[in-house]
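Novice: show me how the following folds:
(chains A and B)
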Protein chains: 2
Amino acid sequence: MDVYLLLIGDEILLGQVVDTNSAWLGQQLALHGYRVVGKMAVPDERAAILAALDWAAQRAQLVITTGGLGPTKDDITRGALAQYFGSELVFHQETYDRIRAYFARIGKPVPESARQQATLPQKAVLLTNKVGSAPGMWFERAGKVFVSLPGVPFEMQYLMSEEVLPRLRKHFPGKPLAHRTLRTAGEGESAIAKRLEAFEEALPAHLRLAYLPSLGQVRLRLSGTWPHAEVPPDAEERLRAEVDAYADQLRALLPDLVFGVEEDTLEQVVGRLLQERGLLFGSAESCTGGYVAHLMTSVPGSSEYFAGSVVAYSNALKTQLLGVRPETLERCGAVSEETVREMVAGALQTLGVQVALAVSGIAGPSGGTPEKPVGTVWLAVGDRARIVAQKHVFARDRVKNIQLAATFGLNMVRKFLLNAL
Amino acid sequence: MDVYLLLIGDEILLGQVVDTNSAWLGQQLALHGYRVVGKMAVPDERAAILAALDWAAQRAQLVITTGGLGPTKDDITRGALAQYFGSELVFHQETYDRIRAYFARIGKPVPESARQQATLPQKAVLLTNKVGSAPGMWFERAGKVFVSLPGVPFEMQYLMSEEVLPRLRKHFPGKPLAHRTLRTAGEGESAIAKRLEAFEEALPAHLRLAYLPSLGQVRLRLSGTWPHAEVPPDAEERLRAEVDAYADQLRALLPDLVFGVEEDTLEQVVGRLLQERGLLFGSAESCTGGYVAHLMTSVPGSSEYFAGSVVAYSNALKTQLLGVRPETLERCGAVSEETVREMVAGALQTLGVQVALAVSGIAGPSGGTPEKPVGTVWLAVGDRARIVAQKHVFARDRVKNIQLAATFGLNMVRKFLLNAL
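Specialist: Numbers count the residues shown, from 1 in each chain, chains lettered A, B, ... in the order given. The predicted structure follows:
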């Protein structure tokens, strides 16, 4: 089923906000087997919205609009939709009561404009917004569906997940689908593709493997569609089992790279491993400048397993707080295997933790030498029994070198905890 | 002058990438007085591209396409443009040589596909891409201009800044324009607007003030257009002087909030102040978990003034590494004025720095109490002579509470260094 997205609002065209809604919608719709065939952003102008609705309806069975439902006078989606569907705007007491209850719940006075937000096209099926004031709307005409959602990302996502997608599955019943995402760290897309050549060749035609790369990580998404004409009641279950079996194969082929599934992050996975083992963790950071600690502490509840970090940007602090010997710094340099090993030993001591990660490198743009170019990073992880060190040369810009060093470092911690390093 | 943006590529519709190009283009074009009236994303399909070009050309004098210029078979913008302009695709030896030289420069072999990238519509004026392989293209028809740019953000930005905008100023000469952006931290949009009521009322009609808010910060952009029919040769210079004079007024009205201009960041400004004064800085972080250190060290050259940080997530480390007294933690709690003051004193000592920032708070989602709800953050900044502490209640989600605490903390450091705290 083809979908067209309409983003309504001057702020998108002026570049005052980056549109993240349509990427989220594109991904969610793809997971349900629906295909976004186009998207358009239009200003807060009735004529532009009406022309865009016409264009979109010619190209898709489902049109989703976001934005323009707020309380200010710029927000004219309601009026434009009423005109498009030849429907009157009427005041909905029930919606108004719900908006009043919403403001009471968040402890704010009900704004004057709430009456306007509760004045909606009569033909709309209203989608209750439990996380904000503007309701979503659902219209049907000539076999096509039009959905109008607020532009605030978490309100849009709530309505899409809770109200729209369940209705769409009923309204446009497709063939059963199943998905499984494995998350990997430590290798690029092409290196992984090489290792999966035989796997991909043996993959049946109704299963597909997609590579979704980001900095230092690749998500592998396995998608399946039901291959037969008739659809038995247990089709979705059987398909899911099949996709899961192939995902298990995939995991077995990349045991060193797969760290999690679906929305797992490396910092969550490392946190879980630490918590299971009852271990306290800390970091000793030079070039990452606290970024490892920031990632670890961005996870709710991380105080249970993360004690702290020493960001030793200067060599003096490497010696004073982490006990790195001046001779080591003198002889091998701050970016060296010897230094990161001593940083781990020092962090275990200073932070009173059982496992520590140390990072020292040249983030750039300056500081590189022919032997140690910008992007050279030494990483070490260890406990009181064993320390493992690795060198990487990322050779990117400063921000990317920092992010890559932290990602590779956390992946080392993960492997260390699994005795796979 | 009206502009329409066409984003070409399946990856945008599938949601595999978030489109940041069009926000950048919208901002840059607005700065030059051009207005984006719409944008559309289309798949890598010739018919869809041709229909979109028609639609866009009906609505704007300038159409900018991004994407679809790469070397793979999906990248079909070149062929679609050739058809649209009734122009043959021809091989450009000069472009091919340039692409070969580009690959030689980055030390990679010339791919087979380079010939394809050098095969371009005959009618195109080529825009030399010095930072990538695909050239940009400029077409004119019936008084309208069509520009085709690669989708890779830094290549697109390079071509737009260096090749397209200078040509546009000649091709669509508008009235002189001038802009000045002041960056503020520490107050929201509405509080600032209240303080600027009289200023805004007195602003002449040809000057406009825009508020561009982000987390904990607001950019104030003052824009002016030349107000008279005749345009003397020194018009732009005079307009710029006028805008600058109003920007100076603005700065004088908000001395406590304005921290920089244009693309300045708080961490750069703090770094500059430290460097000018020859001071070493460090942080003692609890709830920000290293985020302050990360921001400071994201600036190139920060090792000159940033020594390091103690991320003391556990109370044990607050005592052991920062010398916070157990009685203080017991009596006042980790999130208290007393604790952050002792953390500053400890950081000055432990890190051997002249100025330190301390942060302790409840980032959430758990850990809040009626007296100290989630989002409560104590900040302190000081040197050996003086320590200043402040409390804030941000009451957002975990990630935003961390970011706000770091932003407000850096702003306190800035004011402390300026003796304005």
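Novice: give me the element the nearest residue to A:Val131 once chain neighbours are set aside is part of.
Specialist: Excluding the flanking residues, the one nearest A:Val131 by Cβ to Cβ, 6 or more residues apart in numbering or on different chains is A:Tyr158, at 4.7 Å. The C-beta positions use only the backbone N, C-alpha and C, and glycine is treated the same way. In this structure, A:Tyr158 sits in helix A:153-159 according to DSSP states H and E.
Novice: so the residue nearest to A:Val131 touches A:Ala134, yeah?
Specialist: No. Here A:Tyr158 does not reach A:Ala134: they are 11.5 Å apart, not a contact under Cβ atoms under 8 Å.
Novice: who has more neighbours out of those two?
Specialist: More crowded of A:Tyr158 and A:Ala134, by other Cβ atoms under 10 Å in any protein chain shown: A:Ala134, with 26 against 19.
Novice: what pLDDT does that one get?
Specialist: Looking at A:Ala134, its pLDDT stands at 86.
Novice: helix, strand or coil for it?
Specialist: Secondary structure assignment for A:Ala134 (DSSP: H, G, I helix; E, B strand; the rest coil): coil.
Novice: what about the closest residue to A:Ala23 other than its chain neighbours, how many residues nearby?
Specialist: Nearest residue to A:Ala23, sequence neighbours excluded (Cβ to Cβ, 6+ apart): B:Gly15, at 4.0 Å. Neighbour count of B:Gly15, defined by other Cβ under 10 Å: 22.
Novice: didn't B:Gly15 look like it was pressed against A:Trp24?
Specialist: Yes. Counting by Cβ under 8 Å, B:Gly15 touches A:Trp24, with 6.4 Å between them.
Novice: list the buried residues of the helix or strand encompassing A:Gly224.
Specialist: Using DSSP H and E, A:Gly224 maps to strand A:217-225. Residues of strand A:217-225 classed as buried: A:217-224 (neighbour count, 16 or more other Cβ atoms under 10 Å in any protein chain shown).
Novice: domain ranges for chain A, per the record?
Specialist: According to automatic domain parsing, chain A comprises the domains A:2-171, A:177-261, A:266-417.
Novice: quick check: buried residues in stretch A:43-60?
Specialist: By 16+ other Cβ under 10 Å, the buried positions in stretch A:43-60 come out as A:43-45, A:48-49, A:51-53, A:55-57, A:60.
Novice: which stretches of the stretch 1-150 of chain A form helices?
Specialist: A:10-13, A:21-31, A:46-57, A:77-84, A:93-105, A:114-117 (DSSP state H, counting those that start in this stretch).
Novice: alpha carbons of the first one, in CSV - could you do that?
Specialist: In CSV, the C-alpha atoms belonging to helix A:10-13 read as follows (Å, rounded to 0.1, in the frame of the first residue of the first chain):
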residue,chain,number,x,y,z
ASP,A,10,6.4,27.4,7.8
GLU,A,11,9.0,26.4,10.3
ILE,A,12,10.0,23.4,8.3
LEU,A,13,10.5,25.4,5.1
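Novice: is chain B contacted by it?
Specialist: Yes. Counting by Cβ under 8 Å from any Cβ of the partner chain, chain B has neighbours in helix A:10-13: A:12-13.
Novice: other residues contacting that helix?
Specialist: Helix A:10-13 is touched from outside by A:17, A:19, A:41-44, A:67, A:74, B:22-23, B:26, B:35-39, with contacts defined as Cβ atoms under 8 Å, 6 or more residues apart in numbering or on different chains.
Novice: average model confidence for stretch A:406-418?
Specialist: 97.
Novice: buried residues, that stretch. List them.
Specialist: So stretch A:406-418, judged by 16+ other Cβ under 10 Å, has buried residues A:406-417.
Novice: just checking that stretch against chain B, any contact.
Specialist: No. Stretch A:406-418 lies out of reach of chain B by Cβ under 8 Å from any Cβ, never closer than 9.4 Å.
Novice: neighbouring contacts of that stretch?
Specialist: In contact with stretch A:406-418 (Cβ under 8 Å, 6+ apart) are residues A:185-186, A:215-217, A:256, A:259, A:266-267, A:269-270, A:273-274, A:277, A:279, A:281, A:283, A:288, A:291-292, A:295-296, A:355, A:357, A:359, A:377, A:379, A:381-383, A:388, A:390, A:392, A:421.
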